[in-house]
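Chemist: Below: sequence and its predicted model.
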Amino acid sequence: MFQSEFEAMERTELERLQEKRLREIVTRVYHHVPFYRKQLDERKLSPDCFRGLDDLPRLPFTTKKDLRDHYPAGLFAVGMEEVKRLHASSGTKGKPTVVGYTRRDLQSWADVCARAIVAAGGKEGDIFHNAYGYGLFTGGLGLHQGAERLGQTVIPASGGNRLRQLSMICDLKPRGIAGTPSFILSLGETLAEMGEDPRETSLEYGIFGAEPWSEAMREKLEDLWGIHAVDIYGLSELTGPGVAIECWQAKDGLHIAEDHFLVEVIDPETGERKPDGEIGELVFTSLTKEAIPLLRYRTGDLAAVVREPCRCGRTHARMSRVKGRIDDMLIIRGVNVYPMEIEPVLMRKSHLAPHYQLIIEKRGRLDELTVEVEVTEAVWQQLGRNAAHEKLKALTKELASEIKDLLGLSILVKIHAPKSIPRSEGKAVRIIDRRMTAGL
């Protein structure tokens, strides 16, 4: 462990630390953020009245809309002269969300990212290939500073440019790699097409996130590269990557840095807390953030949390792999569909390449979901490059039947030739919803 004094802390000691830090955060936002002062006054929860963890359910929720409504820095608890870095979302669904970091915030962020790299199997002295995007996106710079904090040599590769990335992997011989699972998968496929075996590279562990991915995708990555593939979780509103990570020993839930982030799971409809082990919406309170501390931030991510210690020795709560996002749920002819439900079916088909897209369109008055996939090069050769081959029709029918059984919904399946689905240069584009543009 990177910081065993925190990562393996006894639960009672951890809760005392959480309570102390929670009181400090409530005091900070009450005195420095008018938005929170107003809501705390309405709840009669001034710092003098706040009792600690028992009063956590009485604190107000914070949403992404609140950050957008107070754009750019209305929720900051410090003046801009104390802010040493700014990050922001893309703003594709409205105003971007802007987050700031004080000097201490950056140090804390580096600490949790260093912890994450160690949990994944990294150690001081490694060469670390970072293929997350740099810039306003928090992924690249977050893990970069964590690797440097750990004492690693960082290759700041960022995204895109597959051939250059592969050259650096083969020539500089990193032990660890980080990036979106879809992009690292495409890197491995490209290397294999060049006649090289990805399993023969120096890579031993990979840290993957920033897009949903399944256990079946993990199997593909580990088999392709011969590495330990672990899931990392974070969001810029809290700090960025490093909020939680799997350990390479167990890969049984993501260890939440509970000394920095207080976690709850709630019913997304009622806001009521759910018991450990039940899936609901993740809610986090930042316990150490100075620039923009958030109370009970509703992430929109669906997962479960358990608190039993892990066999790796870490004692912090673990969250399950994210099952989906509330706003990612598709409603197709009255049926709720989470895209992540479909991926495992596709990934376990040996005749299919691990690339796909879900297309939603209007057909008359009804919505239609089409799953577009492609066969592997080997299967394509066997079919004589014949898109109308009877075997391909049978595979299409079989896949449509399996997905219908899973979703309880009839869908269309289109199986294409190899290289038909666009390859990721960063985050994969899995869903194309054409209903919003129909008729324009």
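Modeler: Received the coordinates, thanks. Numbering: from 1, shown residues only.
Chemist: Please count neighbours and contacts with C-alpha atoms only from this point.
Modeler: Fine.
Chemist: packing partners for the longest helix along the chain?
Modeler: Longest helix in the chain by number of residues (criterion: DSSP state H): helix 11-32. Identification of packing neighbours for helix 11-32 by 3 or more Cα pairs under 8 Å, 6 or more residues apart in numbering; DSSP states H and E yields helix 34-42.
Chemist: Low-confidence ranges, the stretch 51-200 of the chain, go.
Modeler: The model of the stretch 51-200 of the chain has pLDDT under 70 over residues 91-94.
Chemist: So what's the gap between the strand or helix carrying Arg149 and the chain middle?
Modeler: Per DSSP states H and E: Arg149 is located in helix 138-150. Relative to its parent chain, helix 138-150 has a centroid offset of 16 Å by Cα atoms, centre = their mean, to the nearest Å.
Chemist: elements contacting it?
Modeler: Using 3+ Cα pairs under 8 Å, 6+ apart: helix 138-150 touches helix 103-120, strand 127-130, strand 153-155, strand 240-245.
Chemist: Who are the packing partners of the first one?
Modeler: Helices and strands touching helix 103-120, by 3+ Cα pairs under 8 Å, 6+ apart, are helix 138-150, strand 205-208, strand 228-235, strand 240-245.
Chemist: Give me the residues contacting it.
Modeler: Contact partners of helix 103-120, identified using Cα atoms under 8 Å, 6 or more residues apart in numbering, comprise 1-3, 82-84, 123, 142-143, 145-147, 149-150, 205-207, 228-230, 232, 239-248, 257, 288-291.
Chemist: returning to that earlier point: would you put the C-alpha positions of the helix holding Arg149 in CSV?
Modeler: The C-alpha trace of helix 138-150 is given here as CSV (Å, rounded to 0.1, in the frame of the first residue of the first chain):
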residue,chain,number,x,y,z
THR,A,138,-9.0,15.3,-15.3
GLY,A,139,-7.9,11.8,-16.3
GLY,A,140,-4.5,12.5,-17.8
LEU,A,141,-3.1,15.0,-15.3
GLY,A,142,-4.6,13.2,-12.3
LEU,A,143,-2.9,9.9,-12.9
HIS,A,144,0.3,11.7,-14.1
GLN,A,145,0.7,13.5,-10.8
GLY,A,146,-0.1,10.3,-8.9
ALA,A,147,2.6,8.4,-10.8
GLU,A,148,5.2,11.1,-10.1
ARG,A,149,4.1,11.2,-6.4
LEU,A,150,4.8,7.4,-6.3
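Chemist: what angle separates it from strand 240-245?
Modeler: 70 degrees (axes from the mean of the first three to the mean of the last three Cα atoms, to 10 degrees).
Chemist: Give me the residues contacting helix 138-150.
Modeler: Contacts for helix 138-150 (Cα under 8 Å, 6+ apart): 2, 87, 109-115, 117, 123-124, 128, 130-135, 153-154, 156, 158, 210, 236, 240-242.
Chemist: ok and that helix relative to helix 103-120, angle-wise?
Modeler: Counting by the same axes, to 10 degrees, helix 138-150 lies at 80 degrees to helix 103-120.
Chemist: Can you mark which positions in helix 138-150 are buried?
Modeler: 138-150 (16 or more other Cα atoms under 10 Å).
Chemist: what's the closest of those to Ile411?
Modeler: Of all the buried residues of helix 138-150, the one sitting nearest Ile411 is Gly139; the distance, using Cα to Cα, is 35.0 Å.
Chemist: Any figure for the gap between the closest one and Cys113?
Modeler: According to Cα to Cα, to the nearest Å, Gly139 and Cys113 sit 10 Å apart.
Chemist: next one: Arg273
Modeler: Relative to Cys113, Arg273 is positioned 28 Å away (Cα to Cα).
Chemist: and what of Glu24?
Modeler: Counting by Cα to Cα, the gap from Glu24 to Cys113 is 23 Å.
Chemist: So between these two, which is more surrounded?
Modeler: More crowded of Glu24 and Cys113, by other Cα atoms under 10 Å: Cys113, with 30 against 16.
Chemist: what's the burial count for the nearest residue in space to Val26 that is not next to it in sequence?
Modeler: Nearest non-adjacent residue to Val26, counting by Cα to Cα, 6 or more residues apart in numbering: Pro47, 6.4 Å away. Neighbourhood size, Pro47 [other Cα under 10 Å]: 19.
Chemist: swap in the one 4 residues further on?
Modeler: The tally of other residues near Arg51 (other Cα under 10 Å) stands at 14.
Chemist: swap in the one 10 residues further on?
Modeler: Residue crowding around Phe61 was assessed by other Cα under 10 Å; the count is 18.
Chemist: In contact with it, which residues?
Modeler: Going by Cα under 8 Å, 6+ apart, the list of residues near Phe61 reads 295-298.
Chemist: Nearest to Tyr356, out of the helices and strands packed on helix 103-120?
Modeler: strand 205-208 (18.4 Å).
Chemist: following the closest one, which helix or strand comes up?
Modeler: Assignment by DSSP H and E places the next element after strand 205-208 at helix 215-225.
Chemist: Does anything pack onto that following helix? Which helices or strands?
Modeler: helix 181-193, strand 228-235, helix 343-347.
Chemist: Can you tell me the closest non-neighbouring residue to Asp197?
Modeler: That would be Leu191: by Cα to Cα, 6+ apart, it lies 7.0 Å from Asp197.
Chemist: oh, I was asking about Leu185
Modeler: Spatial nearest neighbour of Leu185, chain neighbours left out: Leu221 (6.2 Å); criterion: Cα to Cα, 6+ apart.
Chemist: All good on my end, thank you.
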